[in-house]
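Trainee: fold the following.
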Amino acid sequence: MRILLVEDDPDLSRQLKSALGDAGYAVDHAGDGEEAQFLGETEPYDAVILDLGLPKVDGVSVLERWRRGNVATPVLILTARGAWSEKVAGFDAGADDYLTKPFHTEELLARLRALLRRSAGHAAPSLSVGGLRLDPRAARATVNGEPLRLTSLEYRLLHYLMMHQGRVISRTELVEHLYDQDFDRDSNTIEVFIGRVRKKIGADRIDTVRGLGYRLTAPPEELEDQAAGA
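Mentor: You can find the predicted model right below:
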């Protein structure tokens with residue numbers, strides 16, 4: 001999942017970018033409102049963490065411009081303690097959630113996970129497709145109870161496929177959501193990572209839809225077992 005972090009404080013930016021990366025996210029950073037507005041309008045982020053007190057263009061104005069331009073990306077705003085009017089302005093501008101500074105990084109990560117779940121239509125904190133399960137809180141996945149050993153990019157790929165299970169996802173979409181802005185992107189590498197993940201979770205869980213992309217589904221026998229159990 002690819003996140004845009006908009007924060008002008010260098011120390012907080014480094015801290016959050018590191019924590020988000022450790023949690024399995026690809027992260028782009030903008031230090032002012034102008035850059036944030038441009039990136040939000042031109043890059044397909046899964047969510048945005050937006051500080052409201054930004055140089056050049058304030059965060060509320062950035063958010064209002066995104067929403068007027070039909071940018072529907074979920075946005076978590078960061079506000080100063082006691083600035084209730086900022087919270088109201090942020091929600092009125094189109095924010096989906098807020099967090100008051102100072103905050104614990106774990107709370108930000110928890111709110112971000114909830115935001116991503118809601119935007120993808122998932123209610124449960126963990127994701128499952130048949131016997132395949134993924135826990136975003138622990139950045140851990142299992143198949144039929146057996147833990148999977150995944151690299152960072154393999155985990156991001158599996159997480160994105162599971163968030164959009166049953167839908168055909170193109171290689172271009174995967175590239176746009178798995179890599180940050182500075183990464184040397186090559187859609188051909190997606191095939192390599194798909195192959196690696198297939199070996200680890202079972203080849204019959206990821207369908208190739210020729211000319212369109214990939215789709216994550218449960219194997220037929222697991223669907224039959226679920227139906228029988230119901």
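Trainee: quick one: average confidence on the longest helix seen in the chain?
Mentor: If you go by DSSP state H, the chain has its longest helix at helix 105-120. Helix 105-120 shows a mean pLDDT of 93.
Trainee: relative to the whole chain's centre, how far out is that helix?
Mentor: Here helix 105-120 is found 9 Å from its chain centre; the criterion is Cα atoms, centre = their mean, to the nearest Å.
Trainee: after it, next one along is what?
Mentor: Sequence-wise, the next helix or strand downstream of helix 105-120 (DSSP states H and E) is strand 127-129.
Trainee: output the contacting helices and strands for whichever helix or strand comes after that next one.
Mentor: Counting by DSSP H and E, the next helix or strand C-terminal to strand 127-129 is strand 132-135. Other helices and strands packing on strand 132-135, by 3 or more Cβ pairs under 8 Å, 6 or more residues apart in numbering; DSSP states H and E, are strand 127-129, strand 140-143, helix 152-163. For every residue, glycine as well, the C-beta is placed using N, CA and C.
Trainee: the shortest one pairs with which strands, and in what direction?
Mentor: Take DSSP bridges as the rule and strand 127-129 pairs in its sheet with strand 132-135 (antiparallel).
Trainee: buried sites along the partner strand?
Mentor: L132, R133, L134 (16 or more other Cβ atoms under 10 Å).
Trainee: follow-up on the earlier one: need the helices and strands packed on strand 132-135 in JSON lines with mean neighbour count, mean pLDDT and distance to L78, can you?
Mentor: Below are the helices and strands packed on strand 132-135 laid out as JSON lines (neighbours: other Cβ atoms under 10 Å; pLDDT from 0 to 100; distance: least, Cβ to Cβ, whole Å):
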{"stretch": "strand 127-129", "mean neighbour count": "18", "mean pLDDT": "91", "distance to L78": "27"}
{"stretch": "strand 140-143", "mean neighbour count": "18", "mean pLDDT": "94", "distance to L78": "28"}
{"stretch": "helix 152-163", "mean neighbour count": "21", "mean pLDDT": "93", "distance to L78": "24"}
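Trainee: looking at those, which is nearest to H29?
Mentor: Set against H29 and scored by Cβ to Cβ, the helices and strands packed on strand 132-135 come closest in helix 152-163, at 17.6 Å.
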